[in-house]
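Asker: coords below, sequence missing:
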């Protein structure tokens with residue numbers, strides 16, 4: 001069973017020793033479940049107005065999402081990251097504290113997300129979802145010039161990544177519906193600007 005709180009607990013347990021940890025350590029502890037969180041983090045960054053409004057942030061998060069979703073599309077077992085990013089170090093204490101702060105929230109999210117509609121989170125539909133994630137990520141490039149323009153694709157990406165992480169097909173389905181709405185929004189917005 002893929003609960004969000006289980007993923008956070010796994011991360012917390014992987015840092016039970018003192019010292020620093022790398023992104024590689026975390027990816028190895030999550031294994032194949034790392035795609036959902038690796039898509040969720042940049043999607044949330046793009047969605048939060050204070051962070052997402054930083055110049056260039058939409059390009060950064062869009063590139064991150066496209067890179068990870070592209071690997072999911074091509075059937076990678078776990079995300080590949082550039083060596084410099086994989087070797088990025090951080091304090092185990094800080095990660096543990098972050099996990100402890102996140103656990104109450106992830107337990108609330110677990111009330112809504114649960115494994116269901118398995119077909120939506122398995123190949124070949126998973127590859128279609130990954131392709132939609134790439135499209136949403138690329139749409140962030142032109143939408144970055146519009147205030148709050150990346151909000152619709154970022155919201156769709158949050159739902160899709162939560163669905164992938166928790167194997168919740170309903171979340172994926174709603175995310176795909178928002179993807180269509182986001183595409184219409186992007187087309188209309190960019191068409192009126194040009």
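Answerer: Thanks, I have it. As the structure is a computational prediction, the values presented were derived from the model and not from experiment. Numbering: from 1, shown residues only.
Asker: from here on, contacts and neighbour counts on C-alpha atoms
Answerer: Noted.
Asker: let me see the ranges of the strands in the protein.
Answerer: Taking DSSP state E as the test, the strands found in the chain are 20-22, 89-91.
Asker: end-to-end on stretch 70-86?
Answerer: End-to-end distance of stretch 70-86 (C-alpha to C-alpha, to the nearest Å): 18 Å.
Asker: stretch 115-130 now?
Answerer: 18 Å.
Asker: who's in contact with that stretch?
Answerer: The contact list for stretch 115-130, computed with C-alpha atoms under 8 Å, 6 or more residues apart in numbering, reads 1-2, 69-70, 72-75, 160, 163-164, 166-170, 172-173, 176.
Asker: same thing but at 7 Å, please
Answerer: Applying C-alpha atoms under 7 Å, 6 or more residues apart in numbering, the external contacts of stretch 115-130 come out as 1-2, 69-70, 72-73, 164, 166-170, 172.
Asker: out of the residues you listed, which are buried?
Answerer: Listed as buried from these are 2, 69, 70, 72, 73, 164, 166, 167, 168, 169, 170, 172; burial here means 16 or more other C-alpha atoms under 10 Å.
Asker: Serialize the residues you listed to a markdown table and add fields for distance to residue 116.
Answerer: Shown next, in a markdown table, are the buried ones among the contacts of stretch 115-130 (distance: C-alpha to C-alpha, whole Å):
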| residue | distance to residue 116 |
| --- | --- |
| 2 | 11 |
| 69 | 22 |
| 70 | 24 |
| 72 | 20 |
| 73 | 21 |
| 164 | 11 |
| 166 | 9 |
| 167 | 7 |
| 168 | 5 |
| 169 | 6 |
| 170 | 7 |
| 172 | 10 |
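Asker: next, format those residues as TSV and append pLDDT and distance to residue 112.
Answerer: TSV is the format used below for the buried ones among the contacts of stretch 115-130 (pLDDT from 0 to 100; distance: C-alpha to C-alpha, whole Å):
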residue	pLDDT	distance to residue 112
2	62	13
69	94	24
70	94	27
72	91	24
73	92	26
164	90	14
166	85	10
167	88	12
168	91	9
169	92	12
170	93	10
172	94	13
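Asker: list just the nearest of these to residue 8.
Answerer: Of all the buried ones among the contacts of stretch 115-130, residue 2 has the smallest distance to residue 8: 10.8 Å, by C-alpha to C-alpha.
Asker: which other helices and strands does the longest helix seen in the chain contact?
Answerer: Across the chain, the longest stretch assigned as helix under DSSP state H is helix 169-193. Judged by 3 or more C-alpha pairs under 7 Å, 6 or more residues apart in numbering; DSSP states H and E, helix 169-193 is in contact with helix 151-166.
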